[in-house]
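Enquirer: how would this look folded up:
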Amino acid sequence: MNDIWLQSLLVLALWVLLYHHIIYPILLDRLARARRGASRPTSPADVPADRLPNVAVVMPAYNEERYIAEKISNLAALDYPRDRLRIVIALDGSRDATRERAIEALSRLPPGHGIELIVFPRNRGKVAVLNDCISDVDAEIVALTDTSALMPADCLRKVAAHMASPDVGVVFATYNLIDAGSEGERRYTDYQTKLKDDESSLDSAIGGHGALYFIRRSCWQPMPPDTINDDFILPMSIVASGSRGVYDRSIVASELERTQSEQEFKRRVRIGAGNMQQTLRLTKLFDPRRPWLAFAFASGKGSRPFMPFVGLLAILLTAILAGLGHTVYLVLLLIEMSALAAAVIVILVRTPSTPRLLSWLGYLVEGHFASLIGSLQLMLGIRLKHWQPRVDDAVQH
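Expert: Below is the predicted model of the structure:
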């Protein structure tokens, strides 16, 4: 009798893993195609020049000496009326030459560029800086961007067109890795882009890329100081309050920075802790009164932090059933162990010639392992440091 319960629990665990990783993306693709109809919806009509809203671009920066000058040139090239645009660069206690290079880059710009430089003497973390800077602007739209991500010149006009619809509270840009840290990272980014685009077609995009997104200022509320994934909780709090989030694939943020394996794993541990935190805090996204939003969040981002635990449970149950003498489960256990061994080898020996499937498997397993560590740290109350670029990364990349 105990065998039946163990087998039933194993089947359930395997089904959850299969649904989250394979069935949901396929089902979402079909539903999104049906919702879009025969063709993709047309882009919103351009807003006339005399009706363009005021926009503020807010960019926190910490130890960004390598990218700050190029980003300032990028900001200065934005195609938007300067009398309706405010650009705020907030230096959060940088310990490298970010401040000096920013001042030098600003000095090369013609008068009237409209870029403000705010220098905080000590590092307080991105959440504190965002709360301060956003509360200080009175623009209708706020663009939030990373130093290492270049913005397309016409992005603000496109966002203004989206925000002309009063139900839109967030616009997410898509993301292009100029130089991915691994093939697995690139493929995972492409996979996430497709997922977010499809979710946007149902009701609202479920999060975006922190490198570049836009919010309606009137919908914003300050974040709790201990917020981990600010680039998810900030925009999705607006969505949870009733607005829609639009994912615009024509607005592409180009990432200049290439992640290193050590840095990438630490970042994914922090994101894993943040994923657990955001699922627990944004329960409004499960609201059945918005069925498509609830379905997408529960199937994807909302259940993601629990996948490592479900995977461990499946392996444990398989091992127990194999130990009870069930040959089929012994074979299944060998398959599971072989897949994990292959993933570990891919993680330890990263080569461009790694087959695509194995590259994807390695990236997936590493991500779930990092998520497991992050989730456990959060549940055990271990305080996570502000995630910031390492000072020596500026010269290593």
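
Enquirer: low-confidence ranges in this structure?
Expert: 1, 38-42, 178-185, 258-263, 383-397 (pLDDT under 70).

Enquirer: I'd like to know how far the residue nearest the centre of it sits from Ser200.
Expert: For the chain, His209 is the residue whose C-alpha lies nearest the centre (Cα atoms, centre = their mean; 4.1 Å). Going from His209 to Ser200 by Cβ to Cβ, to the nearest Å gives 13 Å. Using the backbone N, CA and C atoms, a C-beta is placed for each residue, glycine as well.

Enquirer: joint contacts of the two?
Expert: Phe172 (Cβ atoms under 8 Å, 6 or more residues apart in numbering).

Enquirer: SS state for the residue nearest to the centre of the chain?
Expert: Secondary structure, DSSP: H, G, I helix; E, B strand; the rest coil: His209 is coil.

Enquirer: contact partners for it?
Expert: So His209 contacts Phe172, Ala173, Thr174, Tyr175, Asp231, Ala253 (Cβ under 8 Å, 6+ apart).

Enquirer: let's go with 7 Å and repeat that
Expert: Phe172, Ala173, Tyr175, Ala253 (Cβ atoms under 7 Å, 6 or more residues apart in numbering).

Enquirer: any chance of those in CSV, plus distance to Val137 and secondary structure?
Expert: Formatted as CSV, the contacts of His209 follow (distance: Cβ to Cβ, whole Å; DSSP: H, G, I helix; E, B strand; the rest coil):
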residue, distance to Val137, secondary structure
Phe172, 20, strand
Ala173, 19, strand
Tyr175, 24, strand
Ala253, 20, strand
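
Enquirer: neighbour count and distance to Ile315 added to those, as TSV?
Expert: Below are the contacts of His209 laid out as TSV (neighbours: other Cβ atoms under 10 Å; distance: Cβ to Cβ, whole Å):
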residue	neighbour count	distance to Ile315
Phe172	27	35
Ala173	26	38
Tyr175	21	33
Ala253	23	38
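
Enquirer: all helices for the stretch 1-150 of the chain, in order.
Expert: Assigned by DSSP state H, counting those that start in this stretch, the helices in the stretch 1-150 of the chain fall at 2-18, 24-36, 68-76, 98-107, 126-136.

Enquirer: closest to Thr189 out of those helices?
Expert: Nearest of the helices of the stretch 1-150 of the chain to Thr189, taken as Cβ to Cβ: helix 24-36 at 14.4 Å.

Enquirer: now the closest one: buried residues?
Expert: Judged by neighbour count (16 or more other Cβ atoms under 10 Å), helix 24-36 contains these buried residues: Tyr24, Pro25, Leu28, Leu31, Ala32.

Enquirer: burial of Asp226, as a residue count?
Expert: By other Cβ atoms under 10 Å, the residues close to Asp226 number 10.

Enquirer: ok, now how distant is it from Ser200?
Expert: Distance from Asp226 to Ser200, by Cβ to Cβ: 29 Å.

Enquirer: in this structure Ala273 contacts Leu380, no?
Expert: No. Contact criterion Cβ atoms under 7 Å: Ala273 and Leu380 do not qualify, at 10.3 Å.
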